[in-house]
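Q: Sequence first, then the predicted structure:
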Amino acid sequence: MLDSKVIVNHILVPKHEIMSKKESKAFLESNGLKKDQLPRILREDPVVKAIKAKKGDIIKITRNSPTAGKAVYYRMVY
Amino acid sequence: MKGETTKKIDSIEFGILDPDTIRKMSQIRVVIPDTYDEDGYPIEGGLMDLHMGVIDPGLRCKTCGGRMATCPGHFGHIELVRPVIHIGYIKMIYSLLKTTCRSCGRLLLPTDQIQTYKKLITESGELPEEQELDVISQAKKVSKCPHCGKKQEKIKLIKPMTFYEGERRLLPSDIRRRMELIPDKDLRLLGIDPKKARPEWAILTVLPVPPVTARPSITLETGERSEDDLTHKLVDILRINQRLRDNISAGAPQLIIEDLWDLLQYHVTTYFNNEVSGIPPARHRSGRPLKTLAQRLKGKEGRFRYNLSGKRVNFSARTVISPDPNISINEVGVPREIAEELTVPEEITEWNINHAKDYIKRTEYPRAIYLIRPDGRRKKITDMNREEILQELAPGYVIERQLKDDDIVLFNRQPSLHRVSMMCHLVKVLPGRTFRLHPAVCKPYNADFDGDEMNMHVLQTEEAKAEALTLMLVQNQIISPRYGAPIIKGDEDIVSGGYLLTKKGTAFDKRIAEKILIKAGIKKMPSPDIGNNYSGKLLFSMLLPSTLNLEYRSLLCRDCEKCVGSKCPYDAYVKIKRGKLVSGVIDKVSLQGILLDTIFRQYGPEEAKEFLNKSTRLLLASTMHQGFSVSVEDTRISKEAQQEIKAIIADARQEVNRIIKDYNEGRLKKLPGKTLRETMEDMIMAILGKARKDAGDVAANYLSDYNPIIIMSRVGARGSLLNVTQMSAMVGQQAVRGKRIMRGYRNKSLPYFKEGEMGIEARGFVSSSFMEGLTPTEYFFHAMGGREALVDKGIRTAKSGYMQRRLVNALQDIVARKDGTVRDSDDVIVQYKYGEDGTDPMKCHGDYAVRLETKTYVEEKDRDEINIEDEGDDYD
Ligand SMILES: [Mg+2]
Ligand SMILES: [Zn+2]
Ligand SMILES: [Zn+2]
Ligand SMILES: [Zn+2]
């Protein structure tokens, strides 16, 4: 088993953050989205386990992008 | 379509028809192996019996009373005298014979094991596939029945459809009995639902006969009837069935009966599938294999791919294409014959009713052909009813008139690999029988004129026209969505023409200048700039917007240490000031890149379209005046040059021989990661590569700057330095799999050489040029390399074609929405921002897509910085 710190800090793993209830609600409302319209991420995903996210949490993923600088992506833990 | 909602198919169930169902759905038992009597009337009890539907006009169905148009057709059936195996279930039968007891029919697993597996059966009544495979593989191995203790014997399947138990043959009737023995409760574990597919139903005792409407006969011109392949096959089945019956009742010996039985089996098998391996296909009298049930469904021409997924359309035309630089890039030349055949609907309003009446009154092209009343009824306009229709015509009616100039169509060339394979054009009706297109749109369509054909689709609704005009119109596609640079552009002769016109010293007198300009539709003459004459640069400037300012280096630039700008001795520095070409020659960089690109971005699609139209005509006209042609002599180089190249080859040969010697005498040093042999090969390839390059440089140096081949390759019109090298200097090393040629005979490539010879000639080095001609061995090596290129190309296209199919399938309903998100058909997000950066590559400037620091698009003004020196007040 890999240490969760190792996974989260690995250079190829983008930043994963659990959004708070409030943030999640605001995010869904401002984008006019329902929770089941979000792309999913498995509960068994190593990063999800590492940051201890639970089913139904929305995870904000911030990636580096050669064209956009930073690209933000949201996934619901499934 | 009103009130319809979309429904999702939950599941599809497949099963086997049982004999009783077959008899129940049958309207008649077919017994006579014949179709029509001498009068052409369907024989009762025959294969065309009227109970199974009608295909002859005037007759009535004996089942439903309907006529040809109304009777859907009904099934019949054949009672088989002896059971036969359904070829489609041969695998299932084989597996069941091996996994069940020959005496009691139980699954060959102990009761407790059966119980454990039964617990794994899911709600849907199925055993998960993995366990099902376990059950089968375990039961197969059992040699003694755990239920009745009977010893099991080895079951063998002699392909395609004969079963043996030990040495004894299992006849279909034996197999059927065995299948009947298997209890329902055990079938579940073998993946079979006994309610829908009792295994004994896979051994046919009754054969359904499809309705005659599914196998209609056709009447030939001679009045002779030709029956469908299925009917032929059914005749065979009935005939053998009858003979078998006769023989049985006559008490014929078992051997004869079994032979006939096998024959019946053969006919029933080929009736289902005429391409079973190991069985000779049943043939028509002409020798053509019959197209039976499986063949109707299977493959590219089968029911699924051809009829169900195949899409065919009306209002379309296809013909050979040919070029016409005199039409606009957004036009398509349509032959008069096609224009007369295709129609466009025009809805009548109070404003266009008189215009519509004009079309109805006309008896010649362009005229109205159909009238569609508000209730949807359609009427052909003829000389007889013309007056009547003119009276009747009112707003709300629709006329369908013939295609005419400026109608909106889609134009397409297969394989439609990217969006610019299908663009919106305006019709231009022309004499002749080919579609005409502007040479500048060849690139996006990947078309040439060696016999290519293209398709045209005439848009039928206002919505479709509006959509095509805004999204698909040719001038809106000039910039490629793939790499953000022009994809619709002049090439080849047009580029050569750009150079010839704008190079130093080109000038025309007034008469010729006028002739050239009028071709581009320019009617205002500029004032002469070289005495009484007009320079080529001046004529070209007439195409440029008067506010355009641009400076860049052309392809001719030699990357001088210090660039002297517009005083460049090679005239390679292009400077356009207030729409005037001040210095530099126009070549590929201008016509296919920066200049066209800038015009598109600064002045828009219309201006870019006009530039393409006018520059094509102007440059072709000026080229025709100046003359530009290539002869074989243009590839010939001087004696001195040939001597130099010979020397280069001699040096290379010597060097290679030295390396081979070093290798043979063990003096060669291994390169890291390579064997000694590979090291030698690498060094030889490098030497020979350099030799060809040097020879090419020699040839290019000796060929004059006025040599048309040199001109074409320098300005980017056609051909490369490599092509020049191969034509004039030497063809160079031929390679197979990236290596010198090693295949052929034992230790040599061709019989002509000695074994183990490694010299340059023996391994595919071609020191001749195409001009000189190749020696026989060189020719052969060249063919070997050429074949590899050909095979690679074929494999690449096949692979990428398959990948394309898969990708299109996976991506076809993913849509970029107005809110910037990318979603699938269930509204589920795929990307929160299109491409993660929200940029449209078509609106990006080459590599300069997005400015990262500010994360905003590069502003129009800033973009210009990249290419244009700001001249301040020059913009208005
Ligand atoms: Mg072609
Ligand atoms: Zn009927
Ligand atoms: Zn048994
Ligand atoms: Zn220069």
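A: In hand now; what should we look at? Ligands and ions are numbered 1, 2, ... in the order given.
Q: Going by proximity to ligand 4, name the top residue of the stretch 351-500 of chain B.
A: Ranked by CB to the ion, the top residue of the stretch 351-500 of chain B for proximity to ligand 4 is residue B:499, at 15.9 Å. Glycine gets a C-beta too; all of them are placed from N, C-alpha and C.
Q: Check what pLDDT the closest residue to residue B:226 other than its chain neighbours gets.
A: Take residue B:226 and drop its neighbours on the chain: the residue closest to it by CB to CB, 6 or more residues apart in numbering or on different chains is residue B:218, 5.2 Å away. Looking at residue B:218, its pLDDT reads 84.
Q: Residue B:218 contacts residue B:229, doesn't it?
A: No - with contacts counted by CB atoms under 8 Å, residue B:218 stays clear of residue B:229, the gap being 11.7 Å.
Q: Spit out the contact partners of the closest residue to residue B:100 other than its chain neighbours.
A: Counting by CB to CB, 6+ apart, residue B:100 lies nearest to residue B:182, which is 5.2 Å off, once chain neighbours are set aside. Contacts here follow CB atoms under 8 Å, 6 or more residues apart in numbering or on different chains; on that basis residue B:182 touches B:96, B:100, B:105, B:106, B:107, B:199.
Q: Please list the members of those residues that lie in helices.
A: Mapping those onto helices (DSSP state H) picks out residue B:96.
Q: between the contacts of residue B:182, which is nearest chain A?
A: Ranked by distance to chain A (CB to the nearest CB), the contacts of residue B:182 are led by residue B:107 at 37.0 Å.
Q: Report how many residues lie close to residue B:807.
A: Residue B:807 has 10 neighbours, counted by other CB atoms under 10 Å in any protein chain shown.
Q: ah, wrong one, I meant residue B:773
A: As a burial measure, residue B:773 scores 9 neighbours (other CB under 10 Å).
Q: and stretch B:467-482, how far from the chain's centre?
A: Put simply, stretch B:467-482 sits 22 Å off its chain's centre (CA atoms, centre = their mean, to the nearest Å).
Q: nope, stretch B:560-575 is what I meant
A: Using CA atoms, centre = their mean, the offset of stretch B:560-575 from its chain centre is 46 Å.
Q: how about the strands in chain A?
A: A:15-18, A:40-41, A:58-65, A:69-77 (DSSP state E).
Q: and the residue positioned nearest the centre of chain A, what are its bridge partners?
A: Of all residues in chain A, the one closest to the mean position by CA atoms, centre = their mean is residue A:59, 2.6 Å from it. Note on residue A:59: beta-bridge partners by DSSP bridges are residue A:18, residue A:75.
Q: thought it was touching residue A:75?
A: Yes - contact status for residue A:59 versus residue A:75: in contact at 5.1 Å, counting by CB under 8 Å.
Q: List the contacts of residue 75.
A: Defaulting to chain A. Applying CB under 8 Å, 6+ apart, the residues near residue A:75 are A:38, A:39, A:40, A:41, A:58, A:59, A:61.
Q: Oops, wrong one, chain B.
A: Per CB under 8 Å, 6+ apart, neighbours of residue B:75: B:22, B:25, B:26, B:27, B:52, B:208, B:209, B:210, B:211.
Q: which non-adjacent residue is nearest the third one?
A: Spelled out, that is residue B:26. Once flanking residues are discounted, residue B:26 sits nearest to residue B:77: 3.8 Å by CB to CB, 6+ apart.
Q: anything in whichever helix or strand that neighbour is part of near ligand 2?
A: For residue B:77, the host element (DSSP states H and E) is strand B:76-85. No - shown here: strand B:76-85 not in contact with ligand 2 (CB under 5 Å from the ion), separated by at least 11.7 Å.
Q: Any chance you could list what contacts that strand?
A: Taking CB under 8 Å, 6+ apart as the rule, strand B:76-85 contacts B:22-23, B:26-31, B:49, B:51-52, B:93, B:161, B:172-173, B:175-176, B:202-209, B:211, B:234, B:237-238, B:241, B:244-245, B:248, B:261, B:264-265, B:268-269.
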